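Chemist: sharing a model that was predicted from the sequence below.
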Amino acid sequence: MSIEIVLIPLAIALTKEIAEGISNFSEENNKDFTILDTRMKDESLLKQALEEWSCSFREVGALDSLQQLHENEVSFMMNKEGCYSLVLPKSADKNSFQEWIEKVETSYTHYLQQKVYLNLVEKAKQQGMILENEDLLEDHSIQLTYILNR
């Protein structure tokens, strides 16, 4: 019982030190940058979406290898979850870039849906399915009806 009493405060103190160390490391590495997470994972689709907004893709491997960004310059970095994060200079207008990246994500989603649609149509054709009906719904989704060819 006495060991538990000693270990619990020790574990709490150790956890606090680790958390503070991570926080300090994060603040030091992010002191010049703002990072906005996205849901985008496919580099080619991200590039297509950026082209739609007259932007080019620039990827960085790590923040410490990134040089100072100019006011309207952005880069993308792959995060731990496998999604691209937008890296901005600390001085950038975060709200404006948040609105902009939401528009880019909308474009990205459109290209992703096109890719899935084309893959689905091709796979169905390979499986011998016959497309009976294709409807574009109000929410811009596509409803496909297939006849199974047996």
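Modeler: The structure has been received and is ready for your questions. Small disclaimer: the values here were computed from a predicted structure and weren't measured. Numbers count the residues shown, from 1 in each chain.
Chemist: and the gap between Ser85 and Tyr117?
Modeler: As for Ser85, its distance to Tyr117 is 27 Å (criterion: CB to CB, to the nearest Å). (Glycine included, C-beta is placed from N, CA and C.)
Chemist: so the two - more neighbours on which side?
Modeler: Neighbours per residue (other CB atoms under 10 Å) separate Ser85 from Tyr117, with Ser85 holding more: 19 against 14.
Chemist: so who does the more buried one touch?
Modeler: 35-38, 76-79 (CB atoms under 8 Å, 6 or more residues apart in numbering).
Chemist: now, the most widely separated pair of those residues?
Modeler: Using CB to CB, the two most remote members of the contacts of Ser85 are Leu36 and Met78, lying 13.9 Å apart.
Chemist: from the contacts of Ser85, list the buried ones, please.
Modeler: Among the contacts of Ser85, those classed as buried by 16 or more other CB atoms under 10 Å are 36, 38, 76-77.
Chemist: now, among these, which is nearest to Cys55?
Modeler: Phe76 (10.4 Å).
Chemist: correct me, but that closest one touches Leu88?
Modeler: No: judged on CB atoms under 8 Å, Phe76 makes no contact with Leu88 at a distance of 10.6 Å.
Chemist: below-threshold pLDDT in this structure: ranges please.
Modeler: 1-31, 64-73, 149-150 (pLDDT under 70).
Chemist: how about a cut-off of 80?
Modeler: 1-32, 61-74, 140, 148-150 (pLDDT under 80).
Chemist: now the element after the longest helix seen in it, going C-ward?
Modeler: The longest helix of the chain (DSSP state H) is helix 94-126. Per DSSP states H and E, the first helix or strand lying C-terminal to helix 94-126 is strand 130-136.
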